[in-house]
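Engineer: Structure of the sequence below:
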Amino acid sequence: MNRDLADMLKVRFCMLAAALGLLAHGSQLEAGEFTIVTKKAEVQVRKTREGAVVLDIQSPTGIGSANIALRAGGWPDVVLVRLHLRGLESLRISSGTNGVSASVSSRGEYTVRVYRVEGNVEKPLSQGSPLWPRIRALEANGKPARTIPLENGYFEVALPKAFLGSQAKSVTIEWIDFFRG
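Structural biologist: Coordinates of the predicted model:
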């Protein structure tokens with residue numbers, strides 16, 4: 001059995017186990033060079049090409065987190081996280097001492113805002129910063145989204161290389177689609 005098929009079967013098993021309540025406190029998935037731990041079994045992982053990894057995250061509740069830990073070797077050149085959400089009012093990415101928070105407005109120009117997190121203080125980050133994550137709102141077919149809330153699309157986040165340096169052993173991602181009032 002090839003490695004990609006084995007990884008996909010592990011993902012399906014975690015999803016089935018969660019649906020049956022066997023993983024009530026979350027899931028852990030070993031996918032190639034990574035271990036991914038979520039509070040909910042909602043992560044699907046697939047390696048798309050040499051040097052790139054895509055993490056497809058289905059989040060039915062719109063709120064969640066995932067920790068991606070490097071088990072062996074180095075980080076791939078590209079790590080894409082696809083958050084299947086209707087909106088993205090809060091995204092936090094952290095690794096070691098690096099941390100950013102981001103949001104995509106759901107009105108007007110769908111502006112992406114990114115802040116450097118230092119302790120409990122957020123400071124605006126310029127788009128040219130090495131910590132800036134590239135965030136795109138996409139339709140299910142991969143074309144740019146025309147409206148938010150997304151109906152069948154996803155937010156694609158390219159993790160900044162500054163988070164994937166040689167010292168980084170894990171990256172944590174937390175998301176909220178829309179704040180509940």
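Engineer: all contacts plus neighbour counts: C-alpha atoms, from now on.
Structural biologist: Will do.
Engineer: what mean pLDDT does stretch 60-80 have?
Structural biologist: When pLDDT is averaged over stretch 60-80, the result is 87.
Engineer: Need the distance between the two termini of it.
Structural biologist: Distance between the two ends of stretch 60-80: 20 Å, counting by Cα to Cα, to the nearest Å.
Engineer: So what touches that stretch?
Structural biologist: Residues from elsewhere that reach stretch 60-80 (Cα atoms under 8 Å, 6 or more residues apart in numbering): 33-40, 51-55, 85-86, 156-159, 161, 164-166, 169-178.
Engineer: Mind checking which of those are buried?
Structural biologist: Using 16 or more other Cα atoms under 10 Å as the burial test, the contacts of stretch 60-80 include 34-38, 40, 53-55, 85-86, 156-159, 161, 164, 169-178 as buried.
Engineer: Now do the contacts for F155.
Structural biologist: Contacts here follow Cα under 8 Å, 6+ apart; on that basis F155 touches V81, R82, L83, H84, L85, L88, I135, R136, A137, L138.
Engineer: Which ones among those residues lie within helices?
Structural biologist: Secondary structure of the contacts of F155 is defined by DSSP state H; no position falls in helices.
Engineer: And for A69, the neighbour number?
Structural biologist: A69 has 18 neighbouring residues, counting by other Cα atoms under 10 Å.
Engineer: And G99, by the same measure?
Structural biologist: Here the neighbour count serves as a burial measure; for G99 (other Cα under 10 Å) it reads 20.
Engineer: Show me what it is bridged to.
Structural biologist: Partner residues in beta bridges with G99, using DSSP bridges, are S94.
Engineer: OK, contacts around it?
Structural biologist: Under the criterion of Cα under 8 Å, 6+ apart, the neighbours of G99 are R92, I93, R116, V117, E118.
Engineer: Whichever helix or strand the first one is part of - contacts with which helices or strands?
Structural biologist: Applying DSSP states H and E as the criterion places R92 in strand 88-95. Strand 88-95 makes packing contacts with strand 98-104, strand 170-176 when contacts are defined by 3 or more Cα pairs under 8 Å, 6 or more residues apart in numbering; DSSP states H and E.
Engineer: Could you list the low-pLDDT ranges of this protein?
Structural biologist: Low-confidence segments of the chain, defined by pLDDT under 70: 1-32, 42-51, 181.
Engineer: Mind jotting down where the strands sit in it?
Structural biologist: Ranges of strands in the chain, per DSSP state E, are 27-31, 34-38, 43-49, 52-58, 63-70, 78-84, 88-95, 98-104, 112-118, 121-124, 134-138, 154-158, 170-176.
Engineer: Rebuild these as TSV, extending it with distance to R146.
Structural biologist: Written out in TSV, the entries for these read as follows (distance: least, Cα to Cα, whole Å):
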stretch	distance to R146
strand 27-31	33
strand 34-38	30
strand 43-49	26
strand 52-58	21
strand 63-70	23
strand 78-84	16
strand 88-95	15
strand 98-104	13
strand 112-118	15
strand 121-124	26
strand 134-138	8
strand 154-158	12
strand 170-176	20
